[in-house]
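[1] The following comprises the amino acid sequence and a computationally predicted model.
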Amino acid sequence: MKLIDILVGVSLISLIQLTPGPASASEYETIRFSENDVVCTFAARPNFGREVRLSKPSREARKSVEWLSDYVGIHPNFQIMAGKFESGASPVAFAAIHDSVRFIVYDVDIMYQSAKNTVTWRDLGVMAHEMGHHISGATTLGTKSPHDGELEADRAAGHLLRLLGASVEQALSMASVFSSEGSLTHPPRQEREDAIIDGWENAQALLQATR
Ligand SMILES: [Zn+2]
């Protein structure tokens, strides 16, 4: 089934249906990410344990990144992994480069908790944000400031979700875990929501201009 077939008729609800597929294997390995490896955590958790127990991603997580990569027009050369984190210290997801591999790690206990073969706009938005860090070059070039880097990734996520058919409200569902006050690494929720809306509106204008 092509992506467009999957998306038709579901843009008004918060779930995207996948056709059923084989279950992912759950083999674990542990990687210790250094402070320099990790560029972004989705939620403001700078002190999360960087020794992360990883397993293969769910099919829904893998498909999410494949869709997003297709829309950007790039090969999805990211290592997507499911991670286990201590309760209360979850980054939700993070982007890192480790041994020259571009990682996107998501918390297996928080992300992709909806029914099998479905992807929520929130989960898609989180993955788009992490991809945004990689695509913008933040994982290799660094950014001017952590806050600028976060807003850039939020803008990219809003943009990508609009291209995939999300409404503004659906794109903003990823903001449910944002901190209202922000932190040293992450801007306050309102600023991040504004960045998502900005990216969404840019994509909307692009779609209208090229129609
Ligand atoms: Zn980030």
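    Sure, I can see it. Numbers count the residues shown, from 1 in each chain.

[2] Tell me how many other residues surround the residue in the chain that the ion sits nearest to.
    Taking C-beta to the ion, the ion has its nearest neighbour within the chain at Cys40, 3.1 Å off. No exception for glycine: its C-beta is placed from N, CA and C like everyone else's. For Cys40, the count of nearby residues is 24 (other C-beta atoms under 10 Å).

[3] Also the one 3 residues further on?
    Other residues within reach of Ala43, judged by other C-beta under 10 Å, total 19.

[4] does it really touch Phe178, like I thought?
    Yes - under the criterion of C-beta atoms under 8 Å, Ala43 makes contact with Phe178 at 7.4 Å.

[5] Check whether the residue of the chain closest to the ion sits in a helix, strand or coil.
    What DSSP: H, G, I helix; E, B strand; the rest coil gives for Cys40 is strand.

[6] Which residues lie in contact with it in this structure?
    Taking C-beta atoms under 8 Å, 6 or more residues apart in numbering, we find Cys40 in contact with 94-95, 129-130, 133, 138, 149-150, 153.

[7] can you do 6 Å?
    Counting by C-beta atoms under 6 Å, 6 or more residues apart in numbering, Cys40 makes contact with 94-95, 133.

[8] Name the nearest residue to Ala43, sequence neighbours excluded.
    Val92 (4.4 Å; C-beta to C-beta, 6 or more residues apart in numbering).

[9] Tell me how far the residue sitting nearest the centre point of the chain lies from His133.
    By C-alpha atoms, centre = their mean, the chain has its centre lying nearest to Met127, at 1.5 Å. Remark: distance between Met127 and His133 (C-beta to C-beta, to the nearest Å) = 11 Å.

[10] again, but for Ile97
    10 Å.

[11] Any part of the lengthiest helix in the chain near the ion?
    Using DSSP state H to define each element, the chain has its longest helix at helix 189-209. No - using C-beta under 5 Å from the ion, we find that helix 189-209 stays clear of the ion, coming within 9.3 Å at best.

[12] From the contacts of Cys40, which land in strands?
    94-95 (DSSP state E).

[13] need the contacts of Cys40 in JSON lines with distance to Met111 and neighbour count, can you?
    JSON lines is the format used below for the contacts of Cys40 (distance: C-beta to C-beta, whole Å; neighbours: other C-beta atoms under 10 Å):
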{"residue": "Phe94", "distance to Met111": "12", "neighbour count": "27"}
{"residue": "Ala95", "distance to Met111": "14", "neighbour count": "28"}
{"residue": "His133", "distance to Met111": "16", "neighbour count": "25"}
